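> Requesting a structural model of the entry that follows:
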Amino acid sequence: MKGRALGVAGALFYIFLWASAFVPSKVGVLGAPPLWFLVVRFAVAGLLALIVARLLGAVLPRSRKDWIAVAALGILGNAIYLGCTYIALRHLASGVGAIVASTNPLTLALVAPWLLREPLTPGKILGLLLGFGGVVWIMLLRTGTGTAQPADVALAFAGVLGGVAATIVFKKFCAGLDLRAVNALQLFAAGIVLLPLAIVFEGAPQVRWSWELVASFWYVVLVMSIGASLLWFWLLTHGEASRVSAYYFLTPVFGLGLAALLLHEPVGVRDLGGLAAIAAGISLVQRS
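The predicted structure follows:
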């Protein structure tokens, strides 16, 4: 029971961090070219994570297969997922972006039975549909359908597919490696892949410096790329990927909570219907 409670607490905290990253990410996209912002973020975070990992005695991957798996993890989970997401966020409405991002658990659940041998039970299917329905309901209430060009939606969904693929690679090939070393090295891999793309598509970086941009950069480096990533890998190591990813449906819940706390936005009865659907969906997924 203690282990299960710790896993739930860790998943809730991770989703809170993940939801909190939207604002600094948006600030980063508006203040600097998206790909360059990510390249510098991954380089700085990777260097800091590697220094800490080595000081703590982390063991580097030993075989060529392990190195390839770690590189693939970084390319899929950071270069593709965050690269596509950041570029899409320049134009995509936040509500539509949240709905697209919330297809992660559904997509992963569809492939998990074949690639990860995680059973897709009727209860799990119903729970995933309930959770996704709750997300869509809240987003429609809060933002309407929003503006969404097909190209931006497709780009955001390509990022989701990259994140799903990264989860599968981690579960199959990286779960037994030292997580401290894995996190540092996969960040370097993402930065190396994005660097030539940033040079070709964005040229010399043009940055509009502000204290908000600097604060946002260090938040996504220290809290997200190092802290949250390590927590996510730990959660995947100790639980089924499809069950852990179901907590992504809670993202709008934390968004509503932060808006009510910081911006004094009211939470209405119709919002509670979406929250209830999300809670019921996650409960079904965890019990199935």
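> and the longest helix out of those in the chain, how far from the chain's centre?
Of all segments of type helix in the chain, defined using DSSP state H, the longest is helix 179-202. If you compare the mean C-alpha spot of helix 179-202 with that of the full chain, they lie 16 Å apart, counting by CA atoms, centre = their mean, to the nearest Å.
> Are there helices or strands packed against it, and which ones?
Applying 3 or more CB pairs under 8 Å, 6 or more residues apart in numbering; DSSP states H and E, one finds that helix 179-202 makes contact with helix 34-55, helix 64-74, helix 81-88, helix 229-237. For the C-beta atoms, the positions are set from N, CA and C on the backbone; glycine is no exception.
> would JSON lines of the ones you listed with mean pLDDT be doable?
Output for these, formatted as JSON lines (pLDDT from 0 to 100):
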{"stretch": "helix 34-55", "mean pLDDT": "96"}
{"stretch": "helix 64-74", "mean pLDDT": "97"}
{"stretch": "helix 81-88", "mean pLDDT": "89"}
{"stretch": "helix 229-237", "mean pLDDT": "94"}
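> of all those, which gets the most neighbours per residue?
With neighbours defined as mean count of other CB atoms under 10 Å, those peak in mean count at helix 81-88, which reaches a mean of 24.
> now Glu202: how far from Leu92?
Distance of Glu202 to Leu92, given as CB to CB, to the nearest Å: 18 Å.
> The two: who's more crowded?
Leu92 (22 against 16; other CB atoms under 10 Å).
> And what about the more buried one, helix, strand or coil?
coil (DSSP: H, G, I helix; E, B strand; the rest coil).
> on that earlier part again, of all the helices and strands packed on helix 179-202, which one comes closest to Ala175?
helix 229-237 (5.0 Å; CB to CB).
> Work out the gap between the closest one and the centre of the chain.
With CA atoms, centre = their mean as the basis, helix 229-237 stands 11 Å off its chain's centre.
> Can you read off the pLDDT for the residue nearest in space to the middle of the chain?
By CA atoms, centre = their mean, the chain has its centre lying nearest to Trp18, at 6.1 Å. Confidence at Trp18, expressed as pLDDT, is 83.
> thought it was touching Ala228?
Yes: the criterion here is CB atoms under 8 Å, and Trp18 meets it with Ala228 at 6.5 Å.
> Let me know how buried Ala9 is, in neighbour terms.
10.
> One more: the one 10 residues further on?
By the measure other CB under 10 Å, the count of residues near Ala19 is 20.
> so what's the nearest residue to it once chain neighbours are set aside up against?
Nearest non-adjacent residue to Ala19, counting by CB to CB, 6 or more residues apart in numbering: Phe254, 4.1 Å away. Contacts were defined as CB atoms under 8 Å, 6 or more residues apart in numbering; by that measure Phe254 touches 15-16, 19-20.
> Please give the element, helix or strand, for Phe254.
Element membership of Phe254 [criterion: DSSP states H and E] is helix 251-262.
> Over that helix, what's the mean pLDDT, rounded is fine.
Mean per-residue pLDDT for helix 251-262: 68.
> Just the buried positions in stretch 165-180, please.
Buried residues in stretch 165-180, defined by neighbour count with 16 or more other CB atoms under 10 Å: 165-171, 173-174, 177-180.
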